[in-house]
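**Student:** Structure, please.
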Amino acid sequence: MPKEGAPAPLGETEELLQYLDGALADYAKYVGQIGQLKYTAPQLLYYRDEVQEMLELLAQEKVDLRQRWAQVRDLDLQLRAKASIFVREVGHANFKQYQIINNPPLSHWWWYLNRITVDTTPKSAPAWQWWKH
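**Tutor:** Numbering: from 1, shown residues only. Here you go, the predicted structure:
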């Protein structure tokens with residue numbers, strides 16, 4: 001029995017909602033800092049995964065998630081609008097490595113942003129053309 005004045009213990013659904021809200025806040029922070037994330041840029045992909053996982057879990061609990069889905073939609077639209085900046089920040093080649101390592105489903109489109117952006121990384125000449133280096 002909780003002490004008087006102490007908050008009641010949270011149920012599992014409330015804990016999941018709090019976790020989702022935290023993951024959404026992290027996702028929003030990272031989306032807002034695209035272009036300035038540097039080495040932490042790939043973390044955005046993992047936060048988006050956490051958000052998706054929590055939304056799917058909570059959908060089974062019959063929780064009203066409309067506001068949270070609207071927030072995710074807005075953040076996703078921002079991410080898509082800044083996709084070329086974000087992919088450049090992570091690196092096209094790095095995206096491919098993350099896809100191999102994590103093997104995300106195709107429905108997790110954020111892992112595949114490199115496929116819809118142009119790779120602007122300067123290409124170096126092949127090793128046998130040493131005079132161009």
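**Student:** And stretch 112-119, how far out from the chain middle?
**Tutor:** 15 Å (CA atoms, centre = their mean, to the nearest Å).
**Student:** same thing with stretch 25-44?
**Tutor:** 8 Å.
**Student:** Surely P42 touches Q99?
**Tutor:** No: here P42 lies out of contact with Q99, judged by CB atoms under 8 Å, at a distance of 11.4 Å. Where you see a C-beta, it was placed from the backbone N, CA and C, and this is true even at glycine.
**Student:** More neighbours: the two, which one.
**Tutor:** For P42 versus Q99, neighbours defined as other CB atoms under 10 Å are more numerous around P42 (18 against 15).
**Student:** per-residue confidence at the more buried one?
**Tutor:** In this model, P42 is scored at 96, pLDDT.
**Student:** dump the residue contacts of the nearest residue to it once chain neighbours are set aside.
**Tutor:** The spatial neighbour of P42 that comes closest, neighbours along the chain excluded (CB to CB, 6 or more residues apart in numbering), is V90 at 5.5 Å. Contacts for V90 (CB atoms under 8 Å, 6 or more residues apart in numbering) come out as 41-42, 45, 98, 114.
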